[in-house]
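1. Below are the sequence and a predicted model for it; my questions follow.
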Amino acid sequence: MADILATIPLSAIRIFEAAARLKSFTRAAQELGITQAAVSWQVKALERRLDQALFQRLPREVVLTAAGERLARASTEAVNLLRAALSDLTETGEGVLSITTLQTLATQWLAPRIGAFQVAHPRLAVRLESNPRTVDLINENVDVAIRSGDGDWPGLEHHFLFPANQTPLCTPRMREQLGGLARPEDLIDAPRIGSNEEWATWFGIAGVATPLAPAERPRLMADTQTLEVASALSGQGVALGSPILFQAEIQAGRLVRPFAPTMILGGGYWLVYPKDRRRSPKIVAFRDWLLALAADQEC
């Protein structure tokens, strides 16, 4: 095996890995900046050296054979390990930490606090982006993510931060207009913001039996908590929001939390990053800072 490995150039493995991952010679060529013919030639040369087919060539696609599947798993792992090692070797204190997370968490919770991390690590720049899709941390150029879910993401280290929960939030003036909101039942006829399904769940947790008619429409529905709670802040009604993510507004008195019952959504929020990068200095620094910050949050 050592003799065979010595005769196979690393470039051939890199080209095979890209073709296997993308399931296309054309897309592999585009990613690597070479021609499709070069990808095809390198794969054929690799197959000749191994004396077995790695791809089944179909009219409009290529499909890995059983042997190709085995080599693809090993080559992807090897390329990722090599990429991580090279990144760590070339990483300096003046590097960039790239973070991806959900819009509401980025806007309401992380962005107002990330300055403290930058003060503690002045030679490390931070790139923060909010993205509705789940970014592939193994194959994309992003260091860490803060996700919501159950923590089950293959190939990723995961650290629980805090629960994903929601409870009614409104302005003090709105609470007065609604008679003080002494009981959860007082919200049945209130101007509610958010989906009826979520409100029905919260009412059930609060001990109010199915108060919503199926055809009843909320005052506003949006695709993020930020927009719905912003509507509540402008006095449009009562929204379901996270008491953790909107802690600053509650502490400042701009929002009130009239009732204690809280609705848990999914497993919670997690910090995740590739397992092969768990010793990266910038990731370790951010992980330690973030876990200490999350430990102080009141749920």
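-> That came in fine, so what should we check first?

2. can you map out the strands along the chain?
-> Counting by DSSP state E, the segments of the chain that form strands are 55-57, 62-64, 96-101, 125-130, 144-148, 156-162, 165-169, 192-193, 238-241, 263-264, 269-274.

3. which residues sit against the second one?
-> Contacts made with strand 62-64 from outside it, assessed by C-beta atoms under 8 Å, 6 or more residues apart in numbering, are listed as 19-20, 23-25, 54-56, 72. (Glycine included, C-beta is placed from N, CA and C.)

4. right, and the strands of the chain - which one's nearest residue 112?
-> Of all the strands of the chain, the one in closest proximity to residue 112, counting by C-beta to C-beta, is strand 125-130 (11.4 Å).

5. Surely residue 221 is in contact with residue 194?
-> Yes - taking C-beta atoms under 8 Å as the definition, residue 221 is a contact partner of residue 194 at 6.4 Å.

6. Tell me which of the two has more neighbours.
-> Shown here are residue 221 and residue 194; by other C-beta atoms under 10 Å, residue 194 has more neighbours (25 against 13).

7. rewinding a little: buried only: go through the contacts of strand 62-64 for me.
-> Applying 16 or more other C-beta atoms under 10 Å to the contacts of strand 62-64, the neighbour count classes 19-20, 24-25, 54-55, 72 as buried.

8. Mind pulling up the pLDDT for residue 219?
-> Model confidence at residue 219, given as pLDDT, is 63.

9. list residues touching both of residue 221 and residue 194?
-> Between them, residue 221 and residue 194 have residue 228 as joint contacts when contacts are counted by C-beta under 8 Å, 6+ apart.

10. Run through the residues that contact the residue lying closest to residue 198 once chain neighbours are set aside.
-> In space, and not counting its chain neighbours, residue 198 is closest to residue 240: 5.6 Å by C-beta to C-beta, 6 or more residues apart in numbering. If a contact means C-beta under 8 Å, 6+ apart, then residue 240 has 166-169, 193-194, 198-199, 202, 225, 228, 263 as its contacts.

11. with these in mind, which one is nearest to residue 280?
-> Using C-beta to C-beta, residue 225 is the member of those that sits closest to residue 280, with 31.0 Å.

12. residues contacting the closest one?
-> 104, 108, 166, 239-242, 245-246.

13. Residue 267 too?
-> Contacts of residue 267 (C-beta under 8 Å, 6+ apart): 148-151, 164.

14. Kindly report the same for residue 290.
-> Neighbouring residues of residue 290 by C-beta under 8 Å, 6+ apart: 117, 146, 159, 161, 271.

15. And residue 164, by the same measure?
-> Residues near residue 164 by C-beta under 8 Å, 6+ apart: 148, 242, 264-269.

16. Report the buried members of these.
-> Judged by neighbour count, with buriedness set by 16+ other C-beta under 10 Å, the buried members of the contacts of residue 164 are 148, 242, 268-269.

17. Pick the one among those closest to residue 174.
-> When the buried ones among the contacts of residue 164 are compared for distance to residue 174, the smallest value, 18.3 Å, is given by residue 242; criterion: C-beta to C-beta.
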